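In: Pasted the sequence and its predicted model underneath.
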Amino acid sequence: MAGVWVYAETADGGPKPITLELLTKARALGEPTAIALGPGASKAAPALGEYGAKKVYAHQDPAFIELLASPAVDLLARLIEKEQPDLVLFGMTYEGRDVAARLSARLGTALIANATDVTKKDGGWAVVSPVFGGSLLVTTVPRAKPPTLVLIRPKAVTAGPAAGAGAPQVETLSDPVDSSKPAARVLRREKEKASGPRLEDAKVIVSGGRGLGAPENFKMLDELAAELDAAVGASRAVVDAGWKPYAFQIGQTGKTVKPSVYIALGISGAMQHTVGMKGARTIIAINKDPEAPIFKMADLGVVGDVHKIVPQLIQEVRSRKGK
Amino acid sequence: MNVFVCVKQIPDPNAPGKLDPQTKRLVREGVDLVLDPGDEHAVEAGLQLVEKDGGEVVIISMGPPRALEAIRRALAMGANRGILVSDPELENSDALSTARALAAAIKGQPFDLIICGTESTDGSSGAMPAQLAELLGLPLLSFAKKLEVSDGKATIDRQTDEGYDVVESPLPAVVTVTGGINEARYPALRGIMQAKNKDVKQLSLAEIKLEGQAGKAALTQEVVAVAPAEARKAGEVIEDKGEGAKRVADFLKELKVI
Ligand SMILES: Cc1cc2nc3c(=O)[nH]c(=O)nc-3n(C[C@H](O)[C@H](O)[C@H](O)COP(=O)(O)OP(=O)(O)OC[C@H]3O[C@@H](n4cnc5c(N)ncnc54)[C@H](O)[C@@H]3O)c2cc1C
Ligand SMILES: Nc1ncnc2c1ncn2[C@@H]1O[C@H](COP(=O)(O)O)[C@@H](O)[C@H]1O
């Protein structure tokens, strides 16, 4: 069976959602091994097993989170040389991207980015990635020696636990981390995120575009979001204008989200935006332009003025909730 | 302070992109080519450092001969000189080949910092800068929305999901910048005139001593199919005549959101 490895990002001793998505894909392709690095790595092992990891390599050294990419690349390169996996999956995240790209240069292997799917093909792999704002799908095959490194976009795979998963075999590593090389070191971490669910996890997202007209009008989105237990998102036009920080941006160069309900307010629906949200189960759009492309994909579209409709909607929701 | 800035020439992102169904490559004929807008921020970041501390900004690009225009644009913004790595063998290079070519061309030249965009607007793999850093054995400071250089160190605010991390590394280093880092300047007429006389060197694979190790000879991957993605279907569209909010609230109730 093909050896399929997953670069398992963890946080607070548990796997990040992207890691579970990668494992779900990995077990459809071969026998999954997870590599978890940094403090709490060993603690994440049972959860990794639940999603299909048969084996977990864990290394708890804090250097893996204090130094960007390099220690992880050193360790992965050593392990790969020894164990010769066929495929290594990474999340297309800040961390995954740096590690996978450096590793590909170290090993001289193929790195295929932006993937939404990987399948087996002719004894190798075929990788699907969207281009041009998701309007076209290209299929890429590796032409270099294994392993093939693939960066998979968050939310491209729906994570689910493996049926009949047993506890994984855990190998705790203690190779010394080489900290003599010049490296990028994290001095401190700053959190900017406000209250409410995270965009990535929210069941409902209320998202605003340039049609809101001014940054202060996002207040009504916050209010609506609070009523719906929703997260607030934004288009790039809004982020570029400085109305919202980058962490709110949804789309090709922002986040990919897959909520049950996505409510687009004053968003035109440019391809580069919709590639990040068209996985939503239901899309509701309010836009004053009947020709706005967002109406071509919305389940319910309302042609009208957000300044009028959104305050009314907040009232309607409140009254239905009996407030 | 000597800064290399890596820039790429791409089809105008405001024009819809096309792929040639036969070759499965981007169609470049009849499309305007521009300096990648993401890379303008990298040029700007380089210029700001040099304006403060002195030194020079060198623009480097790998691409066909006409990528010279993208380099000229960066020179018009104020960069000092340019290098174009260009060779028929490099056509259709993947990110790793590009990184090898740029690394070979940069190696041996004095520099403190290499600045790149986080990802190209057309390819958006975001892989090249990390590969370049690895090949040159340098630290990578990625996703910078703020960059400061002092005392032989570079410090950035690195974009994260929750906010940002403050990250530091010794020089020389590779930095990738996000669009939020600065407002890229528009070349002034004087800059455009001066750019015409600035030095741009064109280097072949033989000149960077990389024959047989980059481009066609070293492709790691191949695109084998291109297909249109499945589109979502439009649902009901109503015009708001005062009932719009009510209709949305009813729908949210149906969906069990309320
Ligand atoms: C390489 C690249 C990457 C990109 N990445 C992203 C990305 O990640 N995310 C992203 O979002 N975009 C991205 N973009 C930008 C994208 O192409 C669009 O420019 C952007 O999404 C537009 O944002 P918008 O819909 O808010 O603004 P606009 O396109 O200006 O649309 C505003 C809409 O609001 C409507 N409106 C105005 N007033 C009202 C009102 N009072 N009531 C109701 N409706 C009103 C208008 O009819 C219009 O449809 C990218 C572009 C490029 C080239
Ligand atoms: N052909 C190239 N020549 C010079 N720099 C490049 C080239 N391709 C990519 N880059 C740099 O690498 C960054 C990321 O590109 P990519 O890895 O293609 O997404 C770009 O923003 C550029 O700074």
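Out: Received, thanks. Numbering: from 1, shown residues only, chains lettered A, B, ... in the order given. Ligands and ions are numbered 1, 2, ... in the order given.

In: Give me the phi and psi angles of A:Val131.
Out: Dihedral pair for A:Val131: phi -130, psi 170, per degrees, to the nearest 10.

In: who's it bridged to?
Out: A:Val131 has these beta-bridge partners by DSSP bridges: A:Leu136.

In: Who does A:Pro15 form a beta bridge with?
Out: A:Thr10.

In: Looking at it now. What's its pLDDT?
Out: Note for A:Pro15: predicted pLDDT of 97.

In: Isn't A:Ala58 up against A:Val170?
Out: Yes - using Cβ atoms under 8 Å, A:Ala58 is in contact with A:Val170, at 6.1 Å. For the C-beta atoms, the positions are set from N, CA and C on the backbone; glycine is no exception.

In: residue boundaries of the strands in the stretch 51-200 of chain B?
Out: With DSSP state E, counting those that start in this stretch as the criterion, the stretch 51-200 of chain B has strands at B:56-62, B:81-85, B:113-117, B:140-150, B:153-159, B:163-170, B:173-177, B:200-203.

In: Mind listing the shared neighbours of A:Ala58 and A:Val170?
Out: Residues touching both A:Ala58 and A:Val170 (Cβ atoms under 8 Å, 6 or more residues apart in numbering or on different chains): A:42, A:45.

In: Output the below-cut-off pLDDT ranges for the stretch 1-150 of chain B.
Out: B:16-17, B:26, B:28 (pLDDT under 70).

In: any chance you could map the helices in the chain?
Out: You didn't pick a chain, so chain A it is. A:17-29, A:45-50, A:63-66, A:70-83, A:94-107, A:218-228, A:236-240, A:271-274, A:306-320 (DSSP state H).

In: ah, no, chain B please
Out: For chain B, applying DSSP H gives helices covering B:37-53, B:68-77, B:95-106, B:128-136, B:189-195, B:244-254.

In: Just give the closest residue to residue 248, not the sequence neighbours.
Out: You didn't pick a chain, so chain A it is. Closest residue to A:Phe248 apart from its sequence neighbours, by Cβ to Cβ, 6 or more residues apart in numbering or on different chains: A:Ala234 at 4.1 Å.

In: To clarify, I was referring to chain B.
Out: A:Leu313 (5.6 Å).

In: Would you confirm that the one you found contacts A:Leu221?
Out: No - between A:Leu313 and A:Leu221 there is no contact under Cβ under 8 Å: 10.6 Å.

In: got the residues of the stretch 1-150 of chain B near ligand 2?
Out: For the stretch 1-150 of chain B, the residues in contact with ligand 2 (Cβ under 6 Å from any ligand atom) are B:6-8, B:36, B:38-39, B:42, B:61-63, B:95, B:98, B:102, B:116-117, B:119-120, B:123-129.

In: Give me the distance between the residue nearest to A:Phe248 and A:Glu171.
Out: According to Cβ to Cβ, to the nearest Å, A:Ala234 stands 43 Å off from A:Glu171.

In: and those two? which has more neighbours close in?
Out: A:Ala234 (29 against 13; other Cβ atoms under 10 Å in any protein chain shown).

In: The more buried one pairs with what?
Out: Going by DSSP bridges, A:Ala234 is paired in beta bridges with A:Gly208, A:Gln249.

In: Isn't it up against A:Gly251?
Out: No - applying Cβ under 8 Å, one finds A:Ala234 not in contact with A:Gly251, separated by 9.5 Å.

In: Quick one: residues contacting the closest residue to B:Glu239 other than its chain neighbours.
Out: Among residues not flanking B:Glu239 along the chain, A:Val303 sits closest, at 4.6 Å (Cβ to Cβ, 6+ apart). Taking Cβ under 8 Å, 6+ apart, we find A:Val303 in contact with A:287-290, A:295, B:237-240.

In: Deepest in the core, which of the helices of chain A is it.
Out: Ranked by mean neighbour count, the helices of chain A are led by helix A:94-107 with a mean of 26 (mean count of other Cβ atoms under 10 Å in any protein chain shown).

In: how's chain A carved up into domains?
Out: Domain ranges of chain A: A:3-172, A:204-320, per automatic domain parsing.

In: Can you check which of these gets nearest to B:Glu89?
Out: domain A:3-172 (16.2 Å; Cβ to Cβ).

In: so how far is B:Arg81 from the residue nearest to B:Ile208 when sequence neighbours are not counted?
Out: Using Cβ to Cβ, 6+ apart and skipping residues adjacent in sequence, the residue nearest B:Ile208 is B:Ala104, 4.1 Å away. From B:Ala104 over to B:Arg81 the distance is 18 Å, taken as Cβ to Cβ.

In: Of the two, give the one with the bigger neighbour count.
Out: B:Ala104 (20 against 15).

In: need the strands for the stretch 51-200 of chain A, in chain order.
Out: With strands called from DSSP E, counting those that start in this stretch, the stretch 51-200 of chain A shows them at A:55-59, A:87-91, A:111-115, A:117-121, A:124-131, A:136-142, A:148-152, A:169-172, A:185-191.

In: how much space between the nearest residue in space to B:Asp112 that is not next to it in sequence and A:Leu48?
Out: Closest residue in space to B:Asp112, ignoring its immediate chain neighbours: B:Leu171 at 4.7 Å, by Cβ to Cβ, 6+ apart. For B:Leu171, the distance to A:Leu48 (Cβ to Cβ) stands at 38 Å.

In: Likewise for A:Leu23?
Out: A:Leu23 is 7 Å from A:Leu48, by Cβ to Cβ.

In: Identify the contacts common to these two.
Out: A:8, A:15, A:34.

In: A:Ala58 and A:Val170: which is more packed in?
Out: A:Ala58 (23 against 18).

In: OK, contacts around the more buried one?
Out: So A:Ala58 contacts A:36-37, A:41-42, A:44-45, A:170-173 (Cβ under 8 Å, 6+ apart).

In: In the stretch 151-258 of chain B, what residue lies closest to chain A?
Out: Among the residues of the stretch 151-258 of chain B, B:Asp240 lies nearest to chain A; the distance is 2.8 Å by Cβ to the nearest Cβ.

In: My read is that that residue contacts A:Val310, right?
Out: No - using Cβ under 8 Å, B:Asp240 is not in contact with A:Val310; the gap is 11.3 Å.

In: Averaged over its residues, which helix or strand of chain A has the lowest pLDDT?
Out: Least confident helix or strand, chain A: helix A:271-274 with a mean of 91, by mean pLDDT, DSSP states H and E.

In: intersection of neighbour lists for B:Asp240 and A:Val310?
Out: Listed as contacting both B:Asp240 and A:Val310 by Cβ under 8 Å, 6+ apart are A:Ile286.

In: before we move on, the earlier item: generate TSV for the helices of chain B, with distance to ligand 1 as supplementary columns.
Out: Below are the helices of chain B laid out as TSV (distance: least, Cβ to the nearest ligand atom, whole Å):
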stretch	distance to ligand 1
helix B:37-53	8
helix B:68-77	16
helix B:95-106	17
helix B:128-136	16
helix B:189-195	24
helix B:244-254	11
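
In: Near ligand 1, which residues of chain A? Just list them.
Out: Within chain A, the positions lying close to ligand 1 (Cβ under 6 Å from any ligand atom) are A:209-211, A:235-238, A:249-254, A:266-268, A:270, A:272-273, A:276, A:286-289, A:292, A:305-307.

In: please redo it, this time with the cut-off set to 5 Å
Out: Counting by Cβ under 5 Å from any ligand atom, chain A comes close to ligand 1 at A:209-211, A:235-237, A:251-254, A:266-268, A:270, A:272-273, A:287-289, A:292, A:305-306.

In: Do you know the pLDDT at the closest residue to A:Ala167 other than its chain neighbours?
Out: Leaving aside its chain neighbours, A:Ala167 sits nearest to A:Gly49 (5.3 Å; criterion: Cβ to Cβ, 6+ apart). Looking at A:Gly49, its pLDDT reads 97.

In: these two touch, right, A:Gly49 and A:Lys55?
Out: No - using Cβ under 8 Å as the test, A:Gly49 is too far from A:Lys55 to be in contact (9.1 Å).

In: Please consider this matter closed, and thank you.
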